[in-house]
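> dropping the sequence and predicted coords here.
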Amino acid sequence: MTHRLNRRNFLRMGAAVPVASAILPAMTRPALAAAAGGVPMVGFIDTPANVALLNINEYPSGPTPAAVAVMHQMATNGNRYYMGETKKFGAQVAAYHDLKPEYVTLYAGSSEILNFTALAFTSPTRSLVTADPTFEQTWRVAESNGAKVHKVPLKADYGYDMRAMVAADPNAGLFYVCNPNNPTGTPVKRADIEWLLENKPAGSVVLVDEAYIHFSDADSVLDLVAKDKDLIVSRTFSKIYSMGGLRFGYASARPDIGEKLHLYGVNSMATTAVQCAKVQLEDKQLIPLRKQAMADTRNRTFEWLAKNNYSFSPSQTNHFLLDVKKPGAPVVTALAHHSVMVGRTWASMPNWPRITVGSPGDMQSFQTAFLEVMKMPDGKMNALAHPYPHLLHEHTC
């Protein structure tokens with residue numbers, strides 16, 4: 001692997017972190033964005049290295065060099081459990097958000113949080129109410145738990161229809177809000193979440209998934225956890241902190257709500273993930289630099305799409321929906337044949353595949369491939385088989 005650690009790739013790994021900003025103080029914002037691509041190591045695992053991976057909302061480069069260094073140090077001591085590190089860092093995360101330690105629980109990413117919340121607060125007599133389209137993890141688990149799932153369409157402006165959600169079922173047990181929403185990338189107004197908390201059925205809980213909030217200008221509701229609302233806020237380091245494969249996240253809730261999640265298990269976190277998260281949480285430059293770099297790349301992509309007369313959701317995150325003006329699934333397959341993997345479609349918006357915003361180079365590859373694919377006859381496109389079928393159902397972020 002040492003042949004990959006040349007000057008160019010080192011700068012690509014570190015461009016959005018303080019190390020790079022110290023080395024390159026004269027870099028302009030476009031140059032910062034252009035340098036923010038990822039090292040194509042994933043090609044050694046499940047896809048060729050030349051494939052642009054724009055399918056599961058990953059950040060296009062890895063953790064910061066400082067975080068990688070501490071993970072290496074921890075890995076060489078991987079024979080030790082270091083269980084106390086989970087509790088200590090949980091308290092640090094709580095303090096970061098002005099919460100008491102007992103209000104925060106660390107998990108391996110946010111999937112466990114969504115799963116456990118659906119199990120704890122839905123049942124055959126208590127339904128789940130959610131938007132459509134949104135991330136479906138909670139409704140899959142709620143359905144497996146025997147619960148009814150009410151899917152309320154988004155409004156024309158891609159906003160959540162909170163009044164329709166409350167009206168959907170007076171016996172609802174759980175309301176799921178993804179802010180900003182996946183797959184549209186659009187923020188949910190804080191006032192709407194506050195209204196939901198005040199007007200939902202008694203005894204129900206609101207789960208706000210803030211996986212993508214760092215990319216956006218959306219207002220967090222973590223402060224409402226401290227006010228003991230009927231609320232769980234889920235956060236993950238899988239997105240802007242580029243720890244998707246390292247699995248690190250946390251739930252914030254008042255203790256009696258948290259205890260209901262704990263019934264399904266609480267484990268010590270991997271020490272490598274804890275230390276990686278700790279280093280990056282303490283890095284005050286990481287979020288603003290990466291947020292701006294992502295916005296620059298996303299907005300240039302939007303300008304290009306608008307110029308070519310394609311509609312897209314007004315995202316503030318690292319993903320968006322794109323209207324391809326025909327069934328989206330064959331377009332997704334055709335793009336894969338051009339070495340560009342993009343995301344799936346949702347049943348309620350079948351012509352709108354989700355596109356992850358990658359590095360500037362990734363998005364240039366997407367633009368080139370997209371123009372070629374949209375010229376293809378429908379019959380030829382529809383006849384294609386996906387070149388990487390093992391990825392289709394394995395990754396459904």
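Received it, and whenever you're ready, just let me know what you need.

> does F121 touch A172 like I think?
No: with contact defined as C-beta atoms under 8 Å, F121 does not count as touching A172 (9.2 Å). From N, CA and C alone the C-beta is placed, and that goes for glycine too.

> okay, and the common contacts of those two?
Counting by C-beta atoms under 8 Å, 6 or more residues apart in numbering, the shared contacts of F121 and A172 are S204.

> please say which of these two ends up with more neighbours.
F121 (28 against 23; other C-beta atoms under 10 Å).

> now do the contacts for the more buried one.
173-174, 204-205, 207, 260.

> try it again with 6 Å
Neighbouring residues of F121 by C-beta atoms under 6 Å, 6 or more residues apart in numbering: 173-174, 205.

> likewise V51?
So V51 contacts 339, 341 (C-beta under 6 Å, 6+ apart).

> number of residues surrounding P387?
P387: 15 neighbours (other C-beta under 10 Å).

> can you name the residues that contact it?
336-337.

> before we move on, back to that, turn the contacts of F121 into JSON lines, including secondary structure and neighbour count.
What follows is the contacts of F121, written out as JSON lines (DSSP: H, G, I helix; E, B strand; the rest coil; neighbours: other C-beta atoms under 10 Å):
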{"residue": "G173", "secondary structure": "strand", "neighbour count": "23"}
{"residue": "L174", "secondary structure": "strand", "neighbour count": "27"}
{"residue": "V205", "secondary structure": "strand", "neighbour count": "23"}
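
> what stretches of the chain score poorly on pLDDT?
Counting by pLDDT under 70, the chain contains low-confidence ranges at 1-45, 393-395.

> a strand runs through T130, doesn't it?
Yes: counting by DSSP: H, G, I helix; E, B strand; the rest coil, T130 is part of a strand.

> list the contacts for it?
T130 neighbours (C-beta under 6 Å, 6+ apart): 139, 176.

> ok, 10 Å please
Listed by C-beta atoms under 10 Å, 6 or more residues apart in numbering, the contact partners of T130 are 136, 138-139, 142, 149-152, 160, 165, 168, 174-178, 207.

> next: G203.
121, 126, 171-173, 230.

> could you work out the most separated pair of those?
With distances taken as C-beta to C-beta, the most widely separated pair in the contacts of G203 is N171 and D230, at 14.9 Å.

> who's more crowded, these two?
Per other C-beta under 10 Å, whichever of N171 and D230 has more neighbours is D230, with 18 against 12.

> find the nearest non-adjacent residue to the more buried one, please.
Excluding the flanking residues, the one nearest D230 by C-beta to C-beta, 6 or more residues apart in numbering is V205, at 5.1 Å.

> check the burial of Q73 by counting its neighbours.
11.

> which phi and psi does the nearest residue to it once chain neighbours are set aside have?
Excluding its sequence neighbours, the residue lying closest to Q73 (C-beta to C-beta, 6+ apart) is Q275, at 7.9 Å. Dihedral angles phi and psi of Q275 (degrees, to the nearest 10) take the values phi -70, psi -40.

> and Q275, how close does it get to L289?
With the distance defined as C-beta to C-beta, to the nearest Å, Q275 ends up 21 Å from L289.

> F175 belongs to a strand?
Yes: judged by three-state DSSP, F175 forms part of a strand.

> return the residues in contact with it.
So F175 contacts 121, 127-131, 138, 150, 152, 160, 162, 165-166, 168-169, 193, 196-197, 200-201, 204-208, 230-231 (C-beta under 10 Å, 6+ apart).

> show me where the stretch 51-200 of the chain has helices.
65-75, 84-96, 111-121, 137-144, 162-168, 190-199 (DSSP state H, counting those that start in this stretch).

> which of the ones you listed sits closest to T297?
Here helix 65-75 is closest among the helices of the stretch 51-200 of the chain (C-beta to C-beta), at 21.0 Å.

> how about the closest one: buried residues?
Residues of helix 65-75 classed as buried: 65-67, 70-71, 74 (neighbour count, 16 or more other C-beta atoms under 10 Å).

> what's the angle from that helix to helix 84-96?
150 degrees (axes from the mean of the first three to the mean of the last three C-alpha atoms, to 10 degrees).

> rewinding a little: give me the buried entries from the contacts of T130.
For the contacts of T130, buried by 16+ other C-beta under 10 Å: 136, 138-139, 142, 149-152, 160, 165, 168, 174-178, 207.
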